[in-house]
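J.: I'll drop the sequence and a predicted model, then ask my questions.
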Amino acid sequence: MTESFVVSVHGADGTARVAARLAGRLRPGDVVLLTGDLASGKTTFVKAVAEAMGATDVVTSPTFTLAQFYDTPTTKLLHVDTYRIDDLAEYRDLGLADFVDTSISLIEWGELVAAEFPEPLTVGLTVAASGPEDRDITFTGAGRWADDLAALRDELAGARS
């Protein structure tokens, strides 16, 4: 069963609050595919996850380096940007599959490599119709994510009350 829900937020702070709530549910082996247009908040989301998990490194978009690792007290975060990757074979050539099981993978432009992962969590960020600072964040996942997303949806709804 697939679970999906949308949460609307205002500004980078709103995006960061939602990402921090998700961070507490992530564990090694999880793959989060981040989708959305340029400047939709994908890197902001990753920065907030890393901060919430205790990373002290400066998180930047790995557009040109393609991948970066960040240490947290409990695990490594693998931050990948596939914007400049042409196809799945090129992604595989990076050799990052060796790290997926032992780290939490956060992949910007994740739709480009979605076929590589059987049950990822997809987080779609879009500029909301209500204004340029507002974002709609869509969470979609199956398998283990179905229960976790239902709980996350309820938690986020409670936080807005």
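T.: The structure has been received and is ready for your questions.

J.: wait, isn't residue 57 in contact with residue 70?
T.: Yes. Residue 57 lies in contact with residue 70 (CB atoms under 8 Å); the separation is 4.7 Å. For glycine as for every other residue, the C-beta is placed from the backbone atoms N, C-alpha and C.

J.: which residues are common contacts for these two?
T.: Contact criterion CB atoms under 8 Å, 6 or more residues apart in numbering; residues shared by residue 57 and residue 70: residue 50.

J.: Could you point out which residue ranges in the protein have low pLDDT?
T.: 160-161 (pLDDT under 70).

J.: Can you show me the strands along it?
T.: Using DSSP state E, the strands of the chain run over 2-10, 31-35, 67-71, 76-81, 103-108, 121-127, 134-142.

J.: Could you name the helices and strands sitting against the fifth one?
T.: By that I understand strand 103-108. strand 31-35, helix 42-52, strand 76-81 (3 or more CB pairs under 8 Å, 6 or more residues apart in numbering; DSSP states H and E).

J.: Let's have the ones you listed in JSON lines, adding mean neighbour count and distance to residue 157.
T.: Shown next, in JSON lines, are the helices and strands packed on strand 103-108 (neighbours: other CB atoms under 10 Å; distance: least, CB to CB, whole Å):
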{"stretch": "strand 31-35", "mean neighbour count": "24", "distance to residue 157": "21"}
{"stretch": "helix 42-52", "mean neighbour count": "23", "distance to residue 157": "19"}
{"stretch": "strand 76-81", "mean neighbour count": "23", "distance to residue 157": "27"}
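
J.: The ones you listed: which one's closest to residue 1?
T.: Smallest distance to residue 1 across the helices and strands packed on strand 103-108 (CB to CB): 18.7 Å, for strand 31-35.
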